[in-house]
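>>> Let me see the structure of the following:
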Amino acid sequence: MKLIFLGLLAGTFFSANSLVQKEDPAPYLVYLKSNFNPCVGVLIKKDWVLAPAHCYLPNLRVYLGNLKSRVRDGTEQIISPVQIVRYWNYNHTNPQDDLMLIKLAKPAIFNQKVQPLALATSNVRPGTVCLLSGLDWSYDNSGRHPDLRQNLEAPVMTDKDCQKTDQGKSHRNSLCMKFVKAFTRIFGEVAVATVICKNKLQGIEVGHFMGSDVGIYTNIYTYVPWIQRVTKDK
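Numbering: from 1, shown residues only. Sure thing, here's the model as predicted:
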């Protein structure tokens, strides 16, 4: 049975009766394909991807560019990882440390659908409206792999308000977003996988964060020294 969703995407309301579903520009997003759940990463350098550590899955491959299986536009790239580095403190009791870096076997070729994204180097103020960017399924896609990039806007919550929610009460020093979107997809979390503030990557989703109207994200800016150290050109 095909699952559908209702939501606010890039300022336009889509419903199950929509005939056209537009793909949003988000060339920094990559699809991490494996034999298990879909995951999303972000291209931060030509040969490095930042992703949640819980996406460390067997037979992982990185898909860049066009993701539509029935349409080819020349931007498609499939690259295997040669190295995966998980953040040293990541475990189930430290969900805010849910980060890993993926070294690609060869550099990505940049084009209109494949571009790196800069990292945030400072915190973001509560109330700031940022872009939630992720992958989703087009209405005629009944498979298990997403084929669209989608965006929606949402404000950053205060830590105090976040910790009052069911999702945020067990998280500390994380980025909490308040959004209006209802999901019935089994893998709905990939649709709002990253937080982009002022054109920089501010957050990346923590596993099993979905529920109600709050999303919990790893706050990237505190991890920039570690990211730079691992990805430094030798």
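>>> got the CA positions of whichever strand or helix holds I204 in CSV?
With elements delineated by DSSP states H and E, I204 resides in strand 200-205, which encompasses its position. Provided in CSV are the C-alpha atoms of strand 200-205 (Å, rounded to 0.1, in the frame of the first residue of the first chain):
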residue,chain,number,x,y,z
LYS,A,200,25.1,27.0,6.2
LEU,A,201,24.6,23.5,7.7
GLN,A,202,23.4,24.1,11.3
GLY,A,203,21.9,20.7,12.2
ILE,A,204,21.6,17.1,11.2
GLU,A,205,18.9,14.8,12.4
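>>> Could you name the helices and strands sitting against it?
Helices and strands in packing contact with strand 200-205 are listed as strand 39-45, strand 48-51, strand 175-178, strand 194-197, strand 214-219; criterion 3 or more CB pairs under 8 Å, 6 or more residues apart in numbering; DSSP states H and E. Quick note: C-beta positions are derived from backbone N, CA and C, even for glycine.
>>> quick one: contacts of it?
The set of residues that contact strand 200-205 without belonging to it, under CB atoms under 8 Å, 6 or more residues apart in numbering, is 28, 40, 42, 44, 50-52, 98-99, 117-121, 124, 130, 134, 175, 177, 189, 192-196, 215-221.
>>> State the mean pLDDT of it.
Averaged across strand 200-205, pLDDT comes to 93.
>>> for this structure, which spans come out with low pLDDT?
Along the chain, segments meeting pLDDT under 70 span 1-21, 91-94, 172-173, 180-191, 207-212, 234.
>>> In it, where's the longest helix?
Among the elements of the chain assigned as helix by DSSP state H, the one spanning the most residues is helix 224-231.
>>> by contact count, what packs against it?
Under the contact rule (3+ CB pairs under 8 Å, 6+ apart), helix 224-231 is packed against strand 39-45, strand 100-104.
>>> partner strands of the last one, parallel or antiparallel?
What it means is strand 100-104. According to DSSP bridges, the neighbouring strands of strand 100-104, each with its direction, are strand 48-51 (antiparallel), strand 81-86 (antiparallel).
>>> Roughly how far does the residue positioned nearest the centre of the chain sit from L99?
The centre of the chain sits closest to A193, judged by CA atoms, centre = their mean, with a distance of 2.8 Å. Separation of A193 from L99 (CB to CB, to the nearest Å) stands at 13 Å.
>>> and R72, which of the strands paired with strand 100-104 is closest to it?
Taking CB to CB as the criterion, R72 comes closest to strand 48-51 out of those, the separation being 22.3 Å.
>>> C-terminal to the closest one, which secondary structure element comes first?
Next helix or strand after strand 48-51 toward the C-terminus (DSSP H and E): strand 61-64.
>>> Sheet partners, orientation included, of whichever helix or strand comes after that following strand?
Helices and strands here follow DSSP H and E; after strand 61-64, the next one along the chain is strand 77-79. If you go by DSSP bridges, strand 77-79 pairs up with strand 61-64 (antiparallel).
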